[in-house]
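# Sequence and computational prediction follow.
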Protein chains: 2
Amino acid sequence: MTSPSATQDSYPYQNEPIWSRSEKVIARKAFDAALGRELHEVIQEAQKMASQIQQSSDLWDLEYYLTQRRKEIDRKYDYRYSQLTYVFGRLLYEKRLREEELRGLGEDKLKPIRSLAKFLAEDAA
Amino acid sequence: MTSPSATQDSYPYQNEPIWSRSEKVIARKAFDAALGRELHEVIQEAQKMASQIQQSSDLWDLEYYLTQRRKEIDRKYDYRYSQLTYVFGRLLYEKRLREEELRGLGEDKLKPIRSLAKFLAEDAA
């Protein structure tokens, strides 16, 4: 009933790895752990900045810091399976995630994750 | 050389009160004092909110609070002589300014300032 091109349109991401149920559990846990650590870091920094406010410019610096971090975190923590290898690769490069936390993922995920982390490290060097 | 309408265009605010040098000194002092008190209030509230952060939503509530207050303060504290009677009227109504702080301004300024404060109070009642 459907032409080959229509089938292709329905599965635009057919070359992406399939995440098994157990891999999804591991991914969610690693993702939430990294996000939790990053949020904890922002909370600590915001509290430190707040405690040191002397004048109005310090107040608006705090607002600017929070806005920037919120936008950055929103962009970075994208839990779509189509984005996860990129997200984890970046978190690994940023040392916000340890490779042990990804143990149990298939090599089809770990390989691109490690590649991206390596690429980002080389790019920054 | 200029037509009456051109003259009118050059002095669009000719019906506004003229602020004398001594009135400008009083106005600046009252304005800065009210702004300083309001900023002090925001700093204290921000520090309280920051110290009570438990989770990420509290963090973004702090950001939202700061953004709203910054915008509100930017709009409210408009030090243009064409706006000052309105600014002081509002500050008087909000009890951010005491009438004594305006002592020395001419009746041509005090009258619209008091009128606006009274109007806002009646409007809110």
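Arrived safely. As the structure is a computational prediction, the values presented were derived from the model and not from experiment.
# residues contacting residue A:105?
Listed by CB atoms under 8 Å, 6 or more residues apart in numbering or on different chains, the contact set of residue A:105 reads A:23, A:26-27, A:113. Backbone N, C-alpha and C define where each C-beta goes, glycine included.
# again, 7 Å this time
A:23, A:26 (CB atoms under 7 Å, 6 or more residues apart in numbering or on different chains).
# Can you mark which positions in the longest helix along chain A are buried?
Of all segments of type helix in chain A, defined using DSSP state H, the longest is helix A:21-51. Residues of helix A:21-51 classed as buried under the neighbour-count rule (16 or more other CB atoms under 10 Å in any protein chain shown) are A:23, A:26-27, A:30-31, A:34-35, A:38-39, A:42-43, A:46-47, A:49-50.
# between these, which is nearest residue B:99?
Nearest to residue B:99 out of these is residue A:50 (CB to CB; 34.3 Å).
# What sits closest to the closest one if chain neighbours are left out?
By the measure of CB to CB, 6 or more residues apart in numbering or on different chains, the closest residue to residue A:50 outside its immediate chain neighbours is residue B:50, 3.5 Å from it.
# Could you double-check that that neighbour sits in contact with residue B:62?
Yes. The pair residue B:50 / residue B:62 is scored as a contact, 6.1 Å apart, by CB atoms under 7 Å.
# Find residues that contact each of the two.
What both residue B:50 and residue B:62 touch, as defined by CB under 7 Å, 6+ apart, is the set residue A:46.
# Contact residues of chain A facing chain B?
Taking CB under 7 Å from any CB of the partner chain as the contact definition, chain A meets chain B at A:39, A:42-43, A:46-47, A:50-51, A:53, A:56, A:59-60, A:62-63, A:66-67, A:70.
# farthest-separated two in those residues?
Most distant of these, by CB to CB, are A:39 and A:56, 26.6 Å apart.
# is it true that residue A:108 touches residue A:17?
Yes. Under the criterion of CB under 7 Å, residue A:108 makes contact with residue A:17 at 4.4 Å.
# if we can go back for a sec, distance between the longest helix of chain A and the chain's centre?
Here helix A:21-51 is found 10 Å from its chain centre; the criterion is CA atoms, centre = their mean, to the nearest Å.
# In terms of secondary structure, what does that helix contact?
helix A:56-76, helix A:84-93, helix B:21-51, helix B:56-76 (3 or more CB pairs under 7 Å, 6 or more residues apart in numbering or on different chains; DSSP states H and E).
# let's see it at 10 Å
Counting contacts by 3 or more CB pairs under 10 Å, 6 or more residues apart in numbering or on different chains; DSSP states H and E, helix A:21-51 packs against helix A:56-76, helix A:84-93, helix A:107-124, helix B:21-51, helix B:56-76.
# With distance to residue B:102 and mean pLDDT as extra columns, can I get those in CSV?
What follows is the helices and strands packed on helix A:21-51, written out as CSV (distance: least, CB to CB, whole Å; pLDDT from 0 to 100):
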stretch, distance to residue B:102, mean pLDDT
helix A:56-76, 23, 97
helix A:84-93, 57, 97
helix A:107-124, 58, 95
helix B:21-51, 6, 97
helix B:56-76, 17, 97
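# nearest to residue B:99, of the ones you listed?
Of these, nearest to residue B:99 by CB to CB is helix B:21-51, at 10.0 Å.
# Can you check what angle separates that closest one from helix B:84-93?
50 degrees (axes from the mean of the first three to the mean of the last three CA atoms, to 10 degrees).
# how about residue A:77, phi and psi?
phi -90, psi 80 (degrees, to the nearest 10).
# List the residues that contact it.
A:31-32, A:34-35, A:38-39, A:83, A:87, A:90-91 (CB atoms under 10 Å, 6 or more residues apart in numbering or on different chains).
# Look up how far residue A:32 lies from the nearest residue to residue A:29 once chain neighbours are set aside.
Leaving aside its sequence neighbours, residue A:29 sits nearest to residue A:101 (CB to CB, 6+ apart; 7.4 Å). Counting by CB to CB, to the nearest Å, the gap from residue A:101 to residue A:32 is 10 Å.
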